[in-house]
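Q: 3D model of this:
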Amino acid sequence: MSDRPGRLEGKLAIVTGAARGQGEAICRAFVDEGARVVVCDVLDEDGEGVAASIGGAATYRHLDVADEQNWQSVVTWCTETLGNPNVLVNNAGIVRAAPMEETTLDDYRAVVEVNQVGCFLGMRSVIGPMREAGGGSIVNTSSVAGLHGVRGVIAYAASKYAVRGMTRSAALELGVDGIRVNSIHPGTIDTPMVNTEEFAHVDRAAYFSAIPAGRIGQPRDVAMLALFLASDESAYCTGAEFIVDGGSSTGTRV
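A: Numbers count the residues shown, from 1 in each chain. Below you'll find the model as predicted:
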């Protein structure tokens, strides 16, 4: 084992949507580099299992990111029990795939509540504790769908564009407090979100063989980028957008 200190040694992170997929990978990567993590999700059994498998550096808390009171209770518990968080990863997200003409208002609002409102509430809830801690890093999960239009997921794309704007505005406001705010823009990552009946019609082999990286993204690909942004290695990065999509936004190989 290396004697070097972990890249997140001494830091305390709150990660949402952490019961599986990208969020789980982020929690594991953070703990591997010395952080303590609060694993947050609405999938209680899965989330508790993730925290238990990680060990003493991880604690699970139920968190519906669209619920203002739930955010307040989780952050209060965190500050009173573990200390002030240094890192927040707003990773929770949902998608409802359908043509715009068939997208109901309820589905549209459900996506916005989780992806957009949840991100806003999360950022707002940690400002005070991070300020008291002397600063921190907020990492917001957007998407390549927040960089260009995507057919069939209008609510998802709208919410992810909103995350970009909120990230930049928050970076402008919070820089004076030593709080950095950046956004991550994953392409298609091999998580439960894309392994549903809604996307069963996609020819995955053909699609991923055509992008520059030649493969689907893995949760760890996103986790390593989140780790960099959470660490002091990215101390001069704020208000920025980081793409992790295997080059799909650049074009195809054929």
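Q: just name the shakiest helix or strand of the chain by mean pLDDT.
A: Least confident helix or strand, the chain: helix 204-210 with a mean of 68, by mean pLDDT, DSSP states H and E.
Q: buried ones in the next helix or strand after it?
A: Beyond helix 204-210 in the direction of the C-terminus, DSSP states H and E gives the next helix or strand as helix 219-230. For helix 219-230, the neighbour count (16 or more other Cβ atoms under 10 Å) marks Pro219, Asp221, Val222, Ala223, Leu225, Ala226, Leu227, Phe228, Leu229, Ala230 as buried. C-beta here means a position set from N, CA and C on the backbone, and glycine is covered the same way.
Q: ok, now stretch 174-188?
A: For stretch 174-188, using 16+ other Cβ under 10 Å, the buried residues are Leu174, Asp177, Ile179, Arg180, Val181, Asn182, Ser183, Ile184, His185, Pro186, Gly187, Thr188.
Q: which pair of those residues spans the longest distance?
A: Distance extremes for the buried residues of stretch 174-188: the farthest pair is Asp177 and Thr188 at 35.1 Å, using Cβ to Cβ.
Q: before we move on, the earlier item: keep only those of the buried residues of stretch 174-188 that are in helices.
A: Under the assignment DSSP state H, those contribute Leu174 to helices.
Q: taking the buried residues of stretch 174-188 one by one, which sit in strands?
A: Among those, the residues falling in strands (DSSP state E) are Ile179, Arg180, Val181, Asn182, Ser183, Ile184, His185, Pro186.
Q: the helices in the stretch 51-200 of the chain, which residues?
A: 68-81, 105-112, 118-133, 154-174 (DSSP state H, counting those that start in this stretch).
Q: let me have these in a markdown table, extended by distance to Arg20 and mean pLDDT.
A: Shown next, in a markdown table, are those (distance: least, Cβ to Cβ, whole Å; pLDDT from 0 to 100):
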| stretch | distance to Arg20 | mean pLDDT |
| --- | --- | --- |
| helix 68-81 | 19 | 98 |
| helix 105-112 | 19 | 98 |
| helix 118-133 | 17 | 98 |
| helix 154-174 | 18 | 98 |
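Q: can I get those in TSV with distance to Asp41?
A: As requested, the helices of the stretch 51-200 of the chain are exported to TSV (distance: least, Cβ to Cβ, whole Å):
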stretch	distance to Asp41
helix 68-81	11
helix 105-112	17
helix 118-133	12
helix 154-174	18
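Q: next up, the contacts around Thr104.
A: Residues counted as contacts of Thr104 (Cβ atoms under 8 Å, 6 or more residues apart in numbering): none.
Q: start the count at 57, not 1, going forward
A: Got it, first residue is 57 now, which makes that one Thr160.
Q: and it, how close does it get to Arg152?
A: To Arg152, Thr160 is 9 Å away according to Cβ to Cβ, to the nearest Å.
Q: tell me, what residue is most central in the chain?
A: By Cα atoms, centre = their mean, the chain has its centre lying nearest to Asn147, at 2.2 Å.
Q: can I assume it is in contact with Ala75?
A: No: counting by Cβ atoms under 8 Å, Ala75 is not a contact partner of Asn147; they are 10.5 Å apart.
Q: quick revisit: make CSV from the buried residues of stretch 230-244 and add distance to Met179 to it.
A: Listed next are the buried residues of stretch 230-244 as CSV, based on distance: Cβ to Cβ, whole Å:
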residue, distance to Met179
Leu230, 8
Asp233, 12
Ile235, 9
Arg236, 12
Val237, 7
Asn238, 12
Ser239, 11
Ile240, 14
His241, 17
Pro242, 19
Gly243, 24
Thr244, 26
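Q: from the buried residues of stretch 230-244, pick the one nearest Val87.
A: Ranked by distance to Val87 (Cβ to Cβ), those are led by Ile240 at 18.9 Å.
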